[in-house]
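Peer 1: mind folding the following:
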Amino acid sequence: MPEESTFAKIDRSVPHSARIYDYWLGGKDNFAADRAVAEATAKASPGVVQGARDNRAFLGRAVRHLAEQGVTQFLDIGTGIPTQGNTHEVAQAVNPAARIVYVDNDPIVMVHARALLKSDPAGRTAYIEADLREPDSILGHPRLLETIDLSKPVGLVIVGTLMFIKDAEDPVGLVARYSAALAAGSYLAVSHVTADFAPKMVGASAEAYNSEALGFTPRTGEQVMRFFDGYELVEPGLVAVFDWRPDTDERRAPEEAGAYGAVGRKL
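Peer 2: Residues are numbered from 1 along each chain as shown. The predicted structure follows:
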């Protein structure tokens, strides 16, 4: 667990999405408040735990695809607590020289990231404690600018994060500000919770989350597509998260899906 100076920055009575997600994935870096929300949500919507795993698997497939397309720089916003298949591990397995910047607003995430997310010596990783809602502070951060060259293509990864940005906070406008800073040929990878496939399951999840004022907002496919303004979607387009370039031939029913996944190339 993090050192005491980090604990001083954390209100352990307030649940955090990264730690709830960590609990669903079997991690130990969470507190009672996080576990209470995680268990209430899983009780109301049993598919949510599998949804977290599907989301994590999508991240790995998307990053691998981008690395195979020659992308050597990645900006991962909403990193979450490290587990298996982190962005730099996937990218550097394809190209050891890949460079990755991780961003999260939970100090526990940042402590673990610095301790565990070790780059291949040929590449580089950097860590920024900041909020997705602060694009200027992230895009202008010295650690980002010394790690990533924004004049060259970047893989922008925002997986399992945008549903925590309220409509009033203009999530589409925020993504557009990041996109505007990227060179042509960059990519955007997004997964986002939706009620399009399983309205009862996702509605129950949202109700449990929002009971703790976490601001969980499922969005329709049409709304998710707005994040990709200025991008050309990579095949198969916007699909159930587990149907985006799956690693196996196993087929799953659409009503099992709680999220969309998509990757686009900036024009």
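Peer 1: and the residue nearest the centre of the chain, how far from Val101?
Peer 2: Central residue check for the chain by Cα atoms, centre = their mean: the C-alpha nearest the mean position is that of Val159, 2.4 Å away. Val159 sits 15 Å away from Val101 when distances are taken as Cβ to Cβ, to the nearest Å. From N, CA and C alone the C-beta is placed, and that goes for glycine too.
Peer 1: number of nearby residues for Arg133?
Peer 2: Using other Cβ atoms under 10 Å as the criterion, Arg133 is surrounded by 15 other residues.
Peer 1: SS state for it?
Peer 2: State at Arg133, reduced to three classes by DSSP: H, G, I helix; E, B strand; the rest coil: coil.
Peer 1: what residues are up against it?
Peer 2: Contacts for Arg133 were tallied using Cβ atoms under 8 Å, 6 or more residues apart in numbering; they are Ile165, Glu169, Leu174.
Peer 1: look at Val103 and report its pLDDT.
Peer 2: Val103 carries a pLDDT score of 94 in this model.
Peer 1: would you agree it is in contact with Thr87?
Peer 2: No: with contact defined as Cβ atoms under 8 Å, Val103 does not count as touching Thr87 (11.0 Å).
Peer 1: joint contacts of these two?
Peer 2: Here Val103 and Thr87 have Asp76, Thr79 as joint contacts, going by Cβ under 8 Å, 6+ apart.
Peer 1: returning to what we had before: report the beta-bridge partner residues of the residue nearest to the centre of the chain.
Peer 2: Bridge pairing for Val159 (DSSP bridges) gives the partners Ser191.
Peer 1: is it true that it touches Val190?
Peer 2: Yes: taking Cβ under 8 Å as the definition, Val159 is a contact partner of Val190 at 6.9 Å.
Peer 1: what about the helices in this structure?
Peer 2: Secondary structure of the chain by DSSP state H: the helices cover 4-7, 17-24, 32-44, 48-68, 87-94, 107-116, 135-139, 142-145, 171-180, 199-210, 221-225.
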